[in-house]
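Student: this is a predicted model, with the sequence first.
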Amino acid sequence: MPDFVAAIDQGTTSTRCMLFDHDGRERGKHQLEHEQIMPRPGWVEHNPIEIWERTSAVIQTVMGQKRLEATDLAALGITNQRETTVVWNPRTGRPYYNAIVWQDTRTDRIASALEREGKGDIIRQKAGLPPATYFSGGKIQWILENVEGVREAAQRGEAVFGTTDSWLLWNLTGGTRGGVHVTDVTNASRTMLMNLETLDWDDELLSFFGIPREMLPAIRPSSAPDPYGVTPDSGPFAGEVQLTGDLGDQQAAMVGQVCLKPGEAKNTYGTGNFLLLNTGTEPVRSQNGLLTTVCYQFGDAAPVYALEGSIAVTGSAVQWLRDQLGIISGAAQSESLARQVDDNGGVYFVPAFSGLFAPYWRSDARGAIVGLSRYNTNAHIARATLEAICYQSRDVADAMEKDSGVHIEVLKVDGGVTANELCMQIQADVLGVDVSRPVVAETTALGAAYAAGLATGFWSDPDDLRQNWQEDRRWSPTTTDEQRADGYAGWRKAVERTLGWVDVD
């Protein structure tokens with residue numbers, strides 16, 4: 001049997017290829033960033049061609065570094081930034097427009113119109129999502145309406161849509177020479193176009209956005225014993241590798257954290273934060289601003305659902321301190337700078353750069369730093385940035401408990417920000433529960449590998465995966481209930497200051 005499973009993790013700021021062995025240990029990795037294109041306020045785009053080139057490069061680098069052949073890999077899994085929308089010509093392989101990123105807010109008028117027209121509740125019931133700029137449906141509609149010739153091309157079968165997993169799967173399996181046009185249930189559930197009950201595209205939802213069904217990929221399980229396709233000899237693997245795993249990044253992290261039983265939860269700290277709670281094989285409808293989403297589907301088994309709280313700006317707020325304000329030179333410095341002070345000095349930072357996601361869903365909000373006095377320094381702003389990551393997670397955790405009745409006893413965490421130990425201690429203090437980080441913190445790629453490897457028998461069953469999970473570090477609360485309540489009250493007061501800043505029709 002081959003020794004490794006490969007995973008492609010196509011994220012918001014970078015793409016990586018990782019190799020894992022049977023024990024779930026990282027055995028190879030290469031990562032490259034791609035350009036963040038921001039042509040107007042609120043617009044965020046990526047170049048799909050650059051993403052495919054970066055994907056090919058990281059694969060070739062890892063395979064070359066480890067001197068591996070395609071035959072050394074049992075399977076390949078993909079995980080991806082969800083909702084980001086690519087529309088391309090399958091005949092030429094050229095995108096019609098840049099990828100519109102999940103953070104992009106240009107579709108706010110589309111989302112608002114859906115609510116005004118009474119379609120919002122139908123979308124919530126069928127798709128489990130509120131009408132919002134976050135999701136793919138409005139982005140497809142925008143491209144069809146604003147990019148010349150795309151609607152006509154779609155009617156001719158020469159314009160197809162995919163989230164970035166579909167774009168990579170198509171290219172990895174041959175592109176214009178027979179590439180497969182597929183996605184999985186988790187990514188499809190982020191479009192506002194898939195019915196959560198049938199796991200199929202819904203004609204009524206498609207009609208709301210004016211999207212032809214022919215544009216859409218086939219929906220497959222997240223772990224596919226019948227492979228989506230294989231890589232050709234002419235591709236970056238230079239040989240045949242079965243593509244058998246595909247999950248949106250946050251669902252992949254649930255699998256990587258082995259949150260496979262109802263009541264198990266994790267929080268991923270990346271560009272944004274994403275807190276998910278496994279709710280089992282029945283979808284739970286949120287009454288408190290959360291999303292109902294597909295967590296995963298393994299083969300022919302029933303799909304498993306989750307409640308999710310999506311937060312737009314967390315790790316990217318630290319990046320903003322570096323790139324826009326210039327008060328730190330790198331992400332690691334945010335911790336050392338914040339440690340220079342014992343508290344936030346009365347400063348709160350609400351990084352609502354693209355509105356507020358869960359549980360508020362306010363596209364009219366914009367970022368604010370409040371409570372400043374001459375006493376405050378850049379250290380207070382750095383600490384307030386770390387606290388913003390944690391307070392936003394508290395907002396979601398409270399909503400999740402109201403919806404599910406489940407109190408999270410221990411929060412499993414993963415993602416790049418978990419390397420910031422001060423931030424993780426603040427998270428334990430803000431929530432009042434233990435925070436646990438696994439040995440493999442980049443569980444997104446691991447989850448994609450697990451899904452792919454389960455499909456081919458590299459791992460025999462989910463119990464195999466549980467044996468691999470090991471705790472690296474645990475943080476326990478150090479603050480009093482009164483301190484916790486006072487700090488959170490200040491946060492909620494700061495959030496109120498951000499609302500209604502932008503007029504939305």
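Tutor: It's in. Quick caveat: nothing in here was measured; it's all calculated off a predicted structure.

Student: surely residue 128 and residue 290 touch.
Tutor: No: contact criterion CB atoms under 8 Å: residue 128 and residue 290 do not qualify, at 9.4 Å. Using the backbone N, CA and C atoms, a C-beta is placed for each residue, glycine as well.

Student: hey, what's residue 292 bridged with?
Tutor: residue 307 (DSSP bridges).

Student: if I pick residue 185, what's in contact with it?
Tutor: Residue 185 sits next to 194, 199, 219-222, 294, 296-297, 303 when contact means CB atoms under 8 Å, 6 or more residues apart in numbering.

Student: from residue 357, how far off is it?
Tutor: Residue 185 sits 22 Å away from residue 357, taking CB to CB, to the nearest Å as the criterion.

Student: can you list the low-confidence ranges for this protein?
Tutor: Scanning the chain for pLDDT under 70 picks out the ranges 504-505.

Student: top helix in it by residue count?
Tutor: When the chain is parsed with DSSP state H, its longest helix is helix 378-404.

Student: now it, how far from the chain's geometric center?
Tutor: Remark: helix 378-404 is offset 18 Å from the chain centroid, using CA atoms, centre = their mean, to the nearest Å.

Student: so what does that helix touch, helix or strand wise?
Tutor: strand 265-269, strand 273-280, strand 304-311, helix 315-320, helix 331-338, strand 348-350, helix 421-431, helix 481-498 (3 or more CB pairs under 8 Å, 6 or more residues apart in numbering; DSSP states H and E).

Student: of all the ones you listed, which one is nearest residue 97?
Tutor: Residue 97 sits nearest to helix 315-320 of all the helices and strands packed on helix 378-404, at 22.7 Å, using CB to CB.

Student: packing partners of that closest one?
Tutor: By 3+ CB pairs under 8 Å, 6+ apart, helix 315-320 packs against helix 331-338, helix 378-404.

Student: kindly recompute the last result at 7 Å.
Tutor: For helix 315-320, the packing partners by 3 or more CB pairs under 7 Å, 6 or more residues apart in numbering; DSSP states H and E come out as helix 378-404.

Student: what's downstream of the helix it packs on, the next helix or strand?
Tutor: Next along the chain after helix 378-404, taking DSSP states H and E as the criterion, comes strand 410-414.

Student: who does that following strand pair up with?
Tutor: strand 265-269 (parallel), strand 434-438 (parallel).

Student: redo these as JSON lines? Include distance to residue 50.
Tutor: Supplementary listing: the strands paired with strand 410-414 in JSON lines, determined by distance: least, CB to CB, whole Å:
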{"stretch": "strand 265-269", "distance to residue 50": "24"}
{"stretch": "strand 434-438", "distance to residue 50": "31"}
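
Student: now render those strands as CSV, adding distance to residue 211 and mean neighbour count.
Tutor: What follows is the strands paired with strand 410-414, written out as CSV (distance: least, CB to CB, whole Å; neighbours: other CB atoms under 10 Å):
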stretch, distance to residue 211, mean neighbour count
strand 265-269, 29, 27
strand 434-438, 39, 21
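
Student: ok, residue 364 - how many residues close by?
Tutor: 16 (other CB atoms under 10 Å).

Student: same question for residue 66.
Tutor: As a measure of burial, residue 66 has 13 neighbours, counting by other CB under 10 Å.

Student: who does the nearest residue to residue 13 once chain neighbours are set aside bridge with?
Tutor: In space, and not counting its chain neighbours, residue 13 is closest to residue 33: 5.8 Å by CB to CB, 6 or more residues apart in numbering. Per DSSP bridges, the residues bridged to residue 33 are residue 14.

Student: ends of stretch 257-269, how far apart?
Tutor: With CA to CA, to the nearest Å as the measure, the ends of stretch 257-269 fall 13 Å from one another.

Student: who's in contact with it?
Tutor: By CB atoms under 7 Å, 6 or more residues apart in numbering, the residues outside stretch 257-269 that reach it are 250, 253-254, 273-280, 314-315, 389, 393, 406, 408, 411-418, 438, 443-444, 462, 465-466, 469.

Student: hmm, 6 Å instead?
Tutor: 250, 253-254, 274-275, 277-280, 393, 406, 408, 411-415, 417-418, 443, 462, 465-466, 469 (CB atoms under 6 Å, 6 or more residues apart in numbering).

Student: how about stretch 312-326?
Tutor: Contact partners of stretch 312-326, identified using CB under 6 Å, 6+ apart, comprise 103, 270-273, 327-328, 331, 334, 351, 353-354, 357, 385, 389, 417.

Student: one more pass at 8 Å, please.
Tutor: Contacts for stretch 312-326 (CB under 8 Å, 6+ apart): 12-13, 103, 134, 269-273, 327-331, 334, 349, 351-357, 367, 381-382, 385-386, 388-389, 392, 415-417.

Student: again, but for stretch 125-132
Tutor: 110-112, 114-115, 119-120, 123-124, 135, 138, 189-197, 202, 204-205, 283, 285-286, 289, 291-293, 357, 361, 363.

Student: so which of these sit within helices?
Tutor: Counting by DSSP H, the part of the contacts of stretch 125-132 found in helices is 110-112, 114-115, 120, 123-124, 138, 204-205.

Student: adding neighbour count and distance to residue 162, write those residues out as a markdown table.
Tutor: Below are these laid out as a markdown table (neighbours: other CB atoms under 10 Å; distance: CB to CB, whole Å):
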| residue | neighbour count | distance to residue 162 |
| --- | --- | --- |
| 110 | 19 | 20 |
| 111 | 24 | 21 |
| 112 | 18 | 26 |
| 114 | 22 | 22 |
| 115 | 14 | 27 |
| 120 | 19 | 25 |
| 123 | 25 | 21 |
| 124 | 17 | 24 |
| 138 | 28 | 16 |
| 204 | 11 | 22 |
| 205 | 20 | 17 |
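
Student: max pairwise distance over those: which two?
Tutor: 112 and 204 (19.6 Å).

Student: and residue 485, how many neighbours does it have?
Tutor: Residues near residue 485, counting by other CB under 10 Å: 12.

Student: surely residue 481 meets residue 432?
Tutor: Yes: contact criterion CB under 8 Å: residue 481 and residue 432 qualify, at 7.2 Å.

Student: what does stretch 466-477 rub up against?
Tutor: 23-24, 257-258, 260, 421, 424-425, 427-429, 431-439, 441, 484.

Student: would you mark the buried spots in that stretch?
Tutor: By neighbour count with 16 or more other CB atoms under 10 Å, stretch 466-477 contains the buried residues 468-469, 475, 477.

Student: any idea how far apart the tips of it sit?
Tutor: End residues of stretch 466-477 are separated by 26 Å (CA to CA).

Student: got the residue ranges for the strands in the stretch 151-300 of the chain?
Tutor: Under the criterion DSSP state E, counting those that start in this stretch, strands of the stretch 151-300 of the chain are mapped to 160-162, 182-184, 194-195, 200-201, 218-220, 229-230, 242-248, 265-269, 273-280, 291-296.

Student: how far does the first one sit from the chain's center?
Tutor: In this case it means strand 160-162. Relative to its chain's centre, strand 160-162 lies at 19 Å (CA atoms, centre = their mean).
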